[in-house]
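**Student:** how would this look folded up:
(one chain, ligands or ions: 1)
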Amino acid sequence: MAKITEEMMDVIKKTRGFAIATATKDGMPNVVPIHFTDIISDDEIMLVDIFMKKTIENIKNNPVVAISVWDWDAKPTRKGYQFKGEARIETSGELYEKGIKMVHEKKPKLTPKAVIIIKVKSIFILTPGPDAGRQVI
Ligand SMILES: Cc1cc2nc3c(=O)[nH]c(=O)nc-3n(C[C@H](O)[C@H](O)[C@H](O)COP(=O)(O)O)c2cc1C
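**Tutor:** Numbering: from 1, shown residues only. Prediction:
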């Protein structure tokens, strides 16, 4: 199981957004920044779909995704992680309600459509240096 550690959580808390990469079934890539996010267990990441178009279509057809997060202020170098896994879409239930609440607390006028739950399967280091690109799990 790919476990999100405390060290990774620290970077996640400091990232300015999550970059999520998806692809069509025939490999056309798409990457977008997402603000409304949560870590719901030690191997699950939640993103809230408010405006997704290509992203959600890609996930429906090809659930494999990659996410990058980074701490721009980490010293002496920047620090980052990449999470790869399988995404599923939920449009009702506890997690969906949680996602809606998260958005409405900050932006009551927005209308979330779904939550995307990513089961993390592998984790890579992005931090510049000799370990960049190395798989952790
Ligand atoms: C800084 C920033 C934060 C964003 N946060 C979200 C978000 O939390 N949820 C969302 O659905 N879209 C968010 N968007 C919009 C998406 O990045 C993107 O525009 C949307 O998914 C449509 O692109 P697509 O057709 O490639 O999916 C955000 C955009 C920016 C620039």
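
**Student:** quick one, phi/psi of the residue nearest the centre of the chain?
**Tutor:** Note on the chain: the residue nearest the mean C-alpha position is residue 67, at 4.8 Å, using Cα atoms, centre = their mean. Comment: the main-chain dihedrals of residue 67 come out as phi -130, psi 140, following degrees, to the nearest 10.

**Student:** that one contacts residue 86, doesn't it?
**Tutor:** No - the pair formed by residue 67 and residue 86 falls short of the contact definition of Cβ atoms under 8 Å, at 12.0 Å. Placement of C-beta: from N, CA and C, glycine included.

**Student:** any common contacting residues for the two?
**Tutor:** Among the neighbours of residue 67, those also in contact with residue 86 (Cβ atoms under 8 Å, 6 or more residues apart in numbering) are residue 118.

**Student:** what are the boundaries of the helices in the protein?
**Tutor:** If you assign secondary structure with DSSP state H, the helices in the chain sit at 6-14, 54-61, 94-106.

**Student:** so which elements touch the longest one?
**Tutor:** Contact analysis of helix 94-106 by 3 or more Cβ pairs under 8 Å, 6 or more residues apart in numbering; DSSP states H and E lists strand 37-41, strand 44-49, strand 114-125 as its packing neighbours.

**Student:** mean confidence score for the second one?
**Tutor:** This means strand 44-49. Mean pLDDT, strand 44-49: 98.

**Student:** please save the CA atoms from it in PDB.
**Tutor:** Output for strand 44-49, consisting of C-alpha atoms alone and laid out as PDB, is shown next (Å, rounded to 0.1, in the frame of the first residue of the first chain):
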ATOM      1  CA  GLU A  44      -6.600   8.600  -0.600                       C
ATOM      2  CA  ILE A  45      -6.700  12.100  -2.000                       C
ATOM      3  CA  MET A  46      -9.900  13.900  -2.700                       C
ATOM      4  CA  LEU A  47     -10.400  16.700  -5.200                       C
ATOM      5  CA  VAL A  48     -13.600  18.600  -5.700                       C
ATOM      6  CA  ASP A  49     -15.000  19.000  -9.200                       C
END
